[in-house]
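Novice: Could you work out the structure for the sequence below:
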Amino acid sequence: MSDQIRVTQLFDCADVGKTIVTAAVSQGKPWKIIQGPWTRGGTKAAYYRFRLEQAAAYPRTQLWHVNMGGRAKWARGVFSRPYALTLHGTDIRENYWQDQHHAMMKGDIDGAGHVWYMTPDLREKAESVRADAQYLPIPVNPEELPAWNRASKPRVFFPSRWDASKGGDALLQTAAEVVSAVAGRGVDVSGIDLSTAMVEQLRAKPGGDAVPVVIGDMTTTRVDGDFDLVYLVFNTIGNLTEQDDQVACFGNAAAHLRPGGAFVIETGVPGARSLAPTESFRVFHHGDAHVGIDEYDPATQRMFSHHYLRQADGSYLRRSLPFRYTWPAELDLMARLAGLRLRERWADWSRTPFTATSDAHVSVWEKPAADAA
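Specialist: Sure, this is the predicted structure:
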């Protein structure tokens with residue numbers, strides 16, 4: 001893209017669009033991003049807002065950059081402009097090859113002026129459907145990276161979602177291999193899991209049997225020893241559907257920590273804040289093969305995530321999962337009850353500052369050192 005082309009990013013996925021626009025604006029390019037209606041609650045008002053923003057951007061836009069497969073229809077139609085397409089992992093690992101998505105994905109890819117893919121491992125699949133597809137590195141500002149502090153012991157970090165579409169199977173195997181590689185080097189890794197099936201998957205991976213895992217409830221089950229770090233990621237705290245159980249989980253985590261140790265939770269900020277007082281439902285995903293709707297009960301902070309999965313005959317299969325949502329301040333109080341104190345809170349793993357508009361948070365609570373207790 002030359003400096004003379006005015007680009008509008010349509011939608012975002014994994015903050016790619018936002019990052020590209022931020023980098024372009026820093027170089028003086030008049031680029032902007034328009035978020036999709038599903039990221040704003042999926043309501044009719046969100047849809048109309050999206051269309052109004054697109055209409056306002058249309059006259060001065062020379063190129064739409066669509067940051068997600070299956071969404072290029074918004075770059076055609078009444079606001080048609082040439083468009084480039086970025087394919088993410090789920091787009092090209094799964095959706096393109098599935099009957100219910102194939103025609104739409106192929107149309108998006110064939111109609112794009114150019115196609116990029118997000119990670120180098122997608123090259124073979126991306127080039128098989130579009131020979132001129134190119135890898136798109138994401139710009140990084142080194143000044144925004146966290147300072148590197150050398151640890152006294154090796155540290156291993158797995159930034160992943162463990163489902164197959166994100167390469168979870170391979171990452172699970174990698175986790176087992178890394179744990180095996182650091183065995184005997186002063187790094188002790190243990191786990192608690194309620195699911196024997198999940199533990200069996202870990203055990204099936206090379207090195208997976210080197211990770212001690214206790215089958216039990218994370219609110220009460222104890223593992224021998226004390227630890228520098230206890231972590232609970234990807235909204236797992238919400239799997240505990242009673243407030244007392246969530247309080248107990250904090251207490252159990254604190255009991256496992258040695259003084260100075262940290263308890264880390266990654267979870268979302270409740271989407272209930274975007275609902276009108278009379279509303280209970282929020283659409284968090286709307287696609288041809290899947291519709292996701294969260295149902296909120298503000299009186300109990302209970303919620304259900306309803307997943308409607310399209311079947312081969314055109315019908316939908318519903319799966320509903322129960323959760324209890326929590327606000328950051330409530331988690332801080334649970335931590336205080338467990339003798340922990342908030343040390344840091346970010347909006348994501350990149351340490352983006354947490355603000356009133358953040359959709360998620362990574363929070364770190366610390367067990368005071370013995371001399372500070």
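Novice: Looking at the protein, which strand is longest?
Specialist: In the chain, taking DSSP state E as the definition, the longest strand is strand 257-268.
Novice: C-terminal to that strand, what's the next element?
Specialist: Going down the chain from strand 257-268, the next helix or strand is strand 281-286, by DSSP states H and E.
Novice: which parts of that following strand are buried?
Specialist: For strand 281-286, a neighbour-count test (16 or more other Cβ atoms under 10 Å) marks 282-284 as buried. (Glycine included, C-beta is placed from N, CA and C.)
Novice: hang on, the earlier thing: what are the contacting residues of the longest strand of the chain?
Specialist: 226-238, 250, 253-254, 325-326, 331, 335, 340, 343, 349, 359-370, 373 (Cβ atoms under 8 Å, 6 or more residues apart in numbering).
Novice: mind running it again at 7 Å?
Specialist: Under the criterion Cβ atoms under 7 Å, 6 or more residues apart in numbering, residues 226-235, 237-238, 253-254, 331, 340, 343, 359-370 lie in contact with strand 257-268.
Novice: Quick one: low-confidence residue ranges for this protein.
Specialist: Filtered on pLDDT under 70, the chain yields the residue ranges 1-4, 14, 41, 142, 144-187, 206-207, 370-373.
Novice: Repeat the analysis, applying 80 as the threshold.
Specialist: Within the chain, the stretches with pLDDT under 80 are 1-4, 13-15, 38-42, 89-90, 93-94, 119-121, 138-212, 225, 234, 370-373.
Novice: Break it down into its domains, please.
Specialist: Here the domain assignment for the chain is 7-135, 147-270+324-372, 271-323, based on automatic domain parsing.
Novice: Which stretch among those is buried most, on average?
Specialist: Mean neighbour count, computed with mean count of other Cβ atoms under 10 Å, is highest for domain 7-135 among the domains of the chain, reaching a mean of 17.
Novice: Centre of the chain to it, how far?
Specialist: 18 Å (Cα atoms, centre = their mean, to the nearest Å).
Novice: And stretch 244-260, by the same measure?
Specialist: Relative to its chain's centre, stretch 244-260 lies at 25 Å (Cα atoms, centre = their mean).
Novice: what kind of secondary structure is the residue lying closest to residue 69 once chain neighbours are set aside in?
Specialist: Counting by Cβ to Cβ, 6 or more residues apart in numbering, residue 91 is the residue found nearest to residue 69 once chain neighbours are left out, at 3.3 Å. State at residue 91, reduced to three classes by DSSP: H, G, I helix; E, B strand; the rest coil: helix.
Novice: Distance of residue 91 relative to residue 71?
Specialist: Using Cβ to Cβ, to the nearest Å, we find residue 91 at a distance of 10 Å from residue 71.
Novice: And for residue 56?
Specialist: Distance from residue 56 to residue 71, by Cβ to Cβ: 19 Å.
Novice: what about the helices in the stretch 151-300 of the chain?
Specialist: Ranges of helices within the stretch 151-300 of the chain are 168-181, 196-203, 243-256, based on DSSP state H, counting those that start in this stretch.
Novice: could I get the one helix or strand residue 45 maps to in PDB with only the CA atoms?
Specialist: Assigned by DSSP H and E, residue 45 belongs to helix 44-57. Output of helix 44-57 as PDB, limited to C-alpha atoms (Å, rounded to 0.1, in the frame of the first residue of the first chain):
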ATOM      1  CA  LYS A  44     -29.900  -3.500  15.900                       C
ATOM      2  CA  ALA A  45     -28.600  -0.300  17.300                       C
ATOM      3  CA  ALA A  46     -25.000  -1.600  16.900                       C
ATOM      4  CA  TYR A  47     -25.700  -2.700  13.400                       C
ATOM      5  CA  TYR A  48     -27.100   0.700  12.400                       C
ATOM      6  CA  ARG A  49     -24.100   2.400  14.000                       C
ATOM      7  CA  PHE A  50     -21.700   0.300  12.000                       C
ATOM      8  CA  ARG A  51     -23.500   1.100   8.800                       C
ATOM      9  CA  LEU A  52     -23.600   4.800   9.500                       C
ATOM     10  CA  GLU A  53     -19.900   4.800  10.300                       C
ATOM     11  CA  GLN A  54     -19.200   2.900   7.000                       C
ATOM     12  CA  ALA A  55     -21.300   5.300   5.100                       C
ATOM     13  CA  ALA A  56     -19.500   8.200   6.500                       C
ATOM     14  CA  ALA A  57     -16.100   6.700   5.700                       C
END
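Novice: who's in contact with whatever helix or strand comes next after that helix?
Specialist: Beyond helix 44-57 on the C-terminal side, the first helix or strand identified by DSSP H and E is strand 63-66. Identification of contacts with strand 63-66 by Cβ under 7 Å, 6+ apart yields 5, 7-11, 72, 75, 81-85.
Novice: try stretch 101-111
Specialist: With contacts defined as Cβ under 7 Å, 6+ apart, stretch 101-111 is touched by 69-70, 72, 85, 91, 95-96, 115, 129-130, 288-289.
Novice: right, and residue 36 touches residue 13 too?
Specialist: No: taking contacts as Cβ atoms under 7 Å, residue 36 lies outside contact range of residue 13: 9.6 Å.
Novice: still on that earlier bit, quick one: which of the contacts of stretch 101-111 is nearest residue 243?
Specialist: Nearest to residue 243, judged by Cβ to Cβ, of these is residue 289 at 35.1 Å.
Novice: pretty sure that closest one is touching residue 94, no?
Specialist: No: using Cβ under 7 Å, residue 289 is not in contact with residue 94, being 9.8 Å away.
Novice: No further questions, thank you.
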